[in-house]
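Trainee: dropping the sequence and predicted coords here.
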Amino acid sequence: MLKQVLISTAGFLFATAVSLSPAMAGGEAEVLHWWTSGGEAAALKVLKDDFAGNGGTWKDMPVAGGGGDAAMQTLKARVVAGDPPTAAQIKGPSIQEWDDEGVVGPPYHVDAVAKAQNWDSLLSAQVANHMKCDGFTKYCAAPVNIHRIDWFWANKKVLDAHGLTMPTSWDEFNAAASKLQAAGIIPLAHGSQPWQDATVFEAVALGVGGNEFYQKAIVELNMDALSGATMVKVFDQMRTLQGFTDEGAPGRDWNVATGMVMEGKAAFQIMGDWAKGEFTNAGLKPGIDYYCLPTPSDHGYLYNVDSFIFYSMDGKSKIEGQKLLGSLMMGKNFQKVFNLYKGSIPARLDVPMDEFDMCAKGSAADLNYSAMTGGLQPSFAHGMALRLAQKGAIQDVVTEHFNSNMSSHEATRRLAQAVKASL
Ligand code: GAL
């Protein structure tokens, strides 16, 4: 009891100290995000600590739910009510979609920071453009990383025990998975939530269909590609994968699925490299405890840039908070340390990779190669390729197919129909 009183008194004193301290000079920021898993929270702490260390006052606004679908609902409600958070984790074309609503600027306060720090010279043009508003002329968001989506994660002990190596074709994966299943191991750890089904789907679409197919069908929404024979094959492979999941898959969180791989209950997971953040958080090492390898494709690479948008704000303290956040997020050391925890690689081009592990080094090298050879494609499942209506249309059909016995032909027909209706 006494202990409790002391703690809450200390809490009160601390809160008072914070609100009166000159620390306010760094500004304040309410930050909406969905980084609530162990690895995600460890990475976010780097930013929180940096912000506090520079005199900022952080108000945390976590909305749990991998992939951010729930966070986007909360965000929408806040913005529509005229009360946007100071900064919000969003990405891709949604940034420009919000700008079109007139709630981001002008003025775009963070653009001044970006100009002063010359962000144009620190980022690739592709990443920089994702961060810009006002007809792609002014920075209104800051990037913290580049995640790759198309990865296999696997338990090394399980694979070794069954004489298996990492699969380099989908057929090889199917054969390995069948063997494991016959031995009583769950081949594929999965959580069948719409965004996770979509995550697997895009890796399969890139691999089975190829780079050009992915670009046509998923990025350009070309009706022939969406409704053709290749899409049927993609859904066939999705059905095969579904057969490798366990009964507990529906609704399971992604990090719980990663945990199944860590414990050796399951062999593989197909997930973006935030899964590596979980392995890292558990003290596990690639090549020793687990394997990472891109899912099979022709040097494809599905990218996903986490970023924070800065809405139009009144009040000096909030504007200062936005500027400080933007400036810290693009800091060279921050981009290194944050990404070591997060599983991703820096968005800044000049961060040395020597402290990163083999998965991250591979990701950085592949990104450059894919960018030169047409394989670098935006992730639709993580909001980098399409506006929300089109993303939702594809995701709904993918998850409906995965969680029913719908035929591949029927799914393909519905996919084209749903995209058409969303345009
Ligand atoms: C992604 C996001 C990652 C990770 C993941 C799971 O959309 O880019 O940073 O958090 O969702 O929550």
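Mentor: Here it is on my side, so go on.
Trainee: now the strands for the protein?
Mentor: 28-33, 57-62, 87-89, 132-133, 138-139, 141-143, 147-148, 151-155, 186-188, 266-270, 290-294, 301-304, 307-309, 376-378 (DSSP state E).
Trainee: how about the ones you listed in a markdown table, adding mean pLDDT, mean neighbour count and distance to Glu355?
Mentor: C-betas here are computed from N, CA, C, even on glycine. Output for the strands of the chain, formatted as a markdown table (pLDDT from 0 to 100; neighbours: other CB atoms under 10 Å; distance: least, CB to CB, whole Å):
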| stretch | mean pLDDT | mean neighbour count | distance to Glu355 |
| --- | --- | --- | --- |
| strand 28-33 | 98 | 22 | 25 |
| strand 57-62 | 98 | 16 | 26 |
| strand 87-89 | 98 | 26 | 25 |
| strand 132-133 | 98 | 22 | 30 |
| strand 138-139 | 98 | 24 | 28 |
| strand 141-143 | 98 | 26 | 20 |
| strand 147-148 | 98 | 26 | 18 |
| strand 151-155 | 98 | 24 | 20 |
| strand 186-188 | 98 | 25 | 32 |
| strand 266-270 | 99 | 27 | 25 |
| strand 290-294 | 98 | 22 | 17 |
| strand 301-304 | 98 | 26 | 22 |
| strand 307-309 | 98 | 25 | 23 |
| strand 376-378 | 98 | 23 | 24 |
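Trainee: can I get those strands in JSON lines with distance to Met358?
Mentor: Formatted as JSON lines, those follow (distance: least, CB to CB, whole Å):
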{"stretch": "strand 28-33", "distance to Met358": "28"}
{"stretch": "strand 57-62", "distance to Met358": "31"}
{"stretch": "strand 87-89", "distance to Met358": "28"}
{"stretch": "strand 132-133", "distance to Met358": "33"}
{"stretch": "strand 138-139", "distance to Met358": "33"}
{"stretch": "strand 141-143", "distance to Met358": "24"}
{"stretch": "strand 147-148", "distance to Met358": "13"}
{"stretch": "strand 151-155", "distance to Met358": "13"}
{"stretch": "strand 186-188", "distance to Met358": "23"}
{"stretch": "strand 266-270", "distance to Met358": "18"}
{"stretch": "strand 290-294", "distance to Met358": "7"}
{"stretch": "strand 301-304", "distance to Met358": "16"}
{"stretch": "strand 307-309", "distance to Met358": "26"}
{"stretch": "strand 376-378", "distance to Met358": "21"}
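Trainee: turn those strands into JSON lines, columns for distance to the ligand.
Mentor: What follows is these, written out as JSON lines (distance: least, CB to the nearest ligand atom, whole Å):
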{"stretch": "strand 28-33", "distance to the ligand": "8"}
{"stretch": "strand 57-62", "distance to the ligand": "11"}
{"stretch": "strand 87-89", "distance to the ligand": "8"}
{"stretch": "strand 132-133", "distance to the ligand": "19"}
{"stretch": "strand 138-139", "distance to the ligand": "19"}
{"stretch": "strand 141-143", "distance to the ligand": "11"}
{"stretch": "strand 147-148", "distance to the ligand": "5"}
{"stretch": "strand 151-155", "distance to the ligand": "12"}
{"stretch": "strand 186-188", "distance to the ligand": "18"}
{"stretch": "strand 266-270", "distance to the ligand": "12"}
{"stretch": "strand 290-294", "distance to the ligand": "16"}
{"stretch": "strand 301-304", "distance to the ligand": "5"}
{"stretch": "strand 307-309", "distance to the ligand": "9"}
{"stretch": "strand 376-378", "distance to the ligand": "12"}
